[in-house]
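Trainee: Here's a sequence, model it:
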Amino acid sequence: MADRKQTLLLTGLGLAVATIGVATLAPERLLEAEFARQRMLAGARRFAIDLDGHRWRYLDTGAVRPRHSGLRHGIPQAVPRKPVLVLVHGFTGSKENWLPLMRQMSGEFRLIAPDLPGWGESQRHAGADYGVEAQVERLTQFLDALPAITGREGPPDLLVGHSMGGQLAGLLAARHPELVPRLVLMSAAGVLFEANAFGAGVLAGDNPFGVTNRAQLKRYFDMVFHQPPAVPWPFSEALIQRRRVDAAFEDGVLADIGRGPSAFALERELGAIAAPTLLLWGQDDQVIDPSAAAIFAEGLRESRTILLNGCGHMPMMEHPRKTALALRDFLA
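Mentor: Numbering: from 1, shown residues only. Next up, the predicted model:
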């Protein structure tokens, strides 16, 4: 018995040392393990699709992976029909931003959340354009390919765009109304809202979202959340490493979406959006000031506005239940 206890103790110590080693040398692995846990809770799986020279990675809560496909490849098989929602992340974001909301809604809806090309796990090509106009065209291609993903014809029942993703989704809705029967603009960029520190910084040529160290990561979370979550080491280190690698890419994209020729094209094209639109904002958004919602409402043909109290720039993460309720009511 003593030998067995000693063996268990040594095994436990070995696992602990191994975990610390992974955390120190490869914190990205532990971050991916956490995302895997969240995917399991949300009933989401990862898939891939190739479109015009880019491999897109996306999450899907309502598909069955074909037996012949690899772990992360292949078009999913069709399943019984549920309303389809396509969720488009924002600047510095990824498909994983939607996992808390997916967990709330996956039983009733089929939720598909891609990494936009250049971001997350989707492909990025050196020297390629990942600004507003190029990404609107790529997102249009993704919606055109949706029947191959869902196994049914027609557009998604709802297109949801957050921040930069809202800017892209809004322009897509204006230019391709047949692809967007209903639209949600969540803390969306693309209009010239009342001046705040973030907007002033972007227009001055800065990147207020830049992260290269722990202090900047804290500033970032303080900016995007009303109540910032605790991000323990080594997850914080993995996030910092990701952002360091992407720093130049982020600066280039922000220059286009925040102050380039098409930065406020959406404001000029709001009248062309035929889709009924839900404007969903956090009352305490420090990134896209809630005054933007009023600008959208004035320019849109048909809209309703919901402001969430005690919520910053990330409603789907900070208040996933309230966000899910708002989306359900809008679809109903």
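Trainee: What is the neighbour count of residue 244?
Mentor: Per other CB atoms under 10 Å, the neighbour tally for residue 244 reads 13. C-beta here means a position set from N, CA and C on the backbone, and glycine is covered the same way.
Trainee: Heading C-terminal from the helix or strand hosting residue 104, find the next helix or strand.
Mentor: Assigned by DSSP states H and E, residue 104 belongs to helix 99-105. Of the helices and strands lying after helix 99-105 in sequence (DSSP H and E), the nearest is strand 110-114.
Trainee: Show the average pLDDT along that following strand.
Mentor: The average pLDDT for strand 110-114 rounds to 98.
Trainee: from the chain's centre, how far out does it sit?
Mentor: With CA atoms, centre = their mean, to the nearest Å as the basis, strand 110-114 stands 10 Å off its chain's centre.
Trainee: What of stretch 214-233?
Mentor: Mean C-alpha position of stretch 214-233 versus that of the full chain (CA atoms, centre = their mean) differs by 17 Å.
Trainee: Straight-line length of that stretch, end to end?
Mentor: 10 Å (CA to CA, to the nearest Å).
Trainee: for the helix holding residue 104, packing partners?
Mentor: Under the contact definition 3 or more CB pairs under 8 Å, 6 or more residues apart in numbering; DSSP states H and E, helix 99-105 sits against helix 27-42, strand 84-88, strand 110-114, helix 315-318, helix 320-331.
Trainee: tell me the most buried of these?
Mentor: strand 110-114 (a mean of 28; mean count of other CB atoms under 10 Å).
Trainee: what helices or strands is the helix or strand where residue 246 lies leaning on?
Mentor: Secondary structure from DSSP H and E places residue 246 in helix 235-259. Packed against helix 235-259, as judged by 3+ CB pairs under 8 Å, 6+ apart, are the following elements: helix 27-42, helix 164-175, helix 197-203, helix 214-224.
Trainee: Can you point out the buried residues in that helix?
Mentor: 235-243, 246, 250, 253-254, 256-258 (16 or more other CB atoms under 10 Å).
Trainee: Also stretch 187-203?
Mentor: So for stretch 187-203, counting by 16+ other CB under 10 Å, buried means 187-191, 193, 196, 198-199, 201-202.
Trainee: Find the pair from those residues with maximum spatial separation.
Mentor: Pairwise distances across those peak at 18.6 Å for 188 and 201 (criterion: CB to CB).
Trainee: what residue ranges in the stretch 51-200 of the chain are flagged as low confidence?
Mentor: Low-confidence segments of the stretch 51-200 of the chain (pLDDT under 70): 64-80.
Trainee: 80 instead, please
Mentor: 63-80 (pLDDT under 80).
Trainee: just the strands in it please.
Mentor: 54-60, 84-88, 110-114, 158-162, 183-186 (DSSP state E, counting those that start in this stretch).
Trainee: number of nearby residues for residue 270?
Mentor: Applying other CB under 10 Å, we find 23 residues neighbouring residue 270.
Trainee: Next one: it from residue 167, what distance?
Mentor: For residue 270, the distance to residue 167 under the criterion CB to CB, to the nearest Å works out to 12 Å.
Trainee: Distance of residue 230 relative to residue 318?
Mentor: 14 Å.
Trainee: In CSV: the strands of the stretch 51-200 of the chain, plus distance to residue 282.
Mentor: Below are these laid out as CSV (distance: least, CB to CB, whole Å):
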stretch, distance to residue 282
strand 54-60, 23
strand 84-88, 17
strand 110-114, 19
strand 158-162, 11
strand 183-186, 9
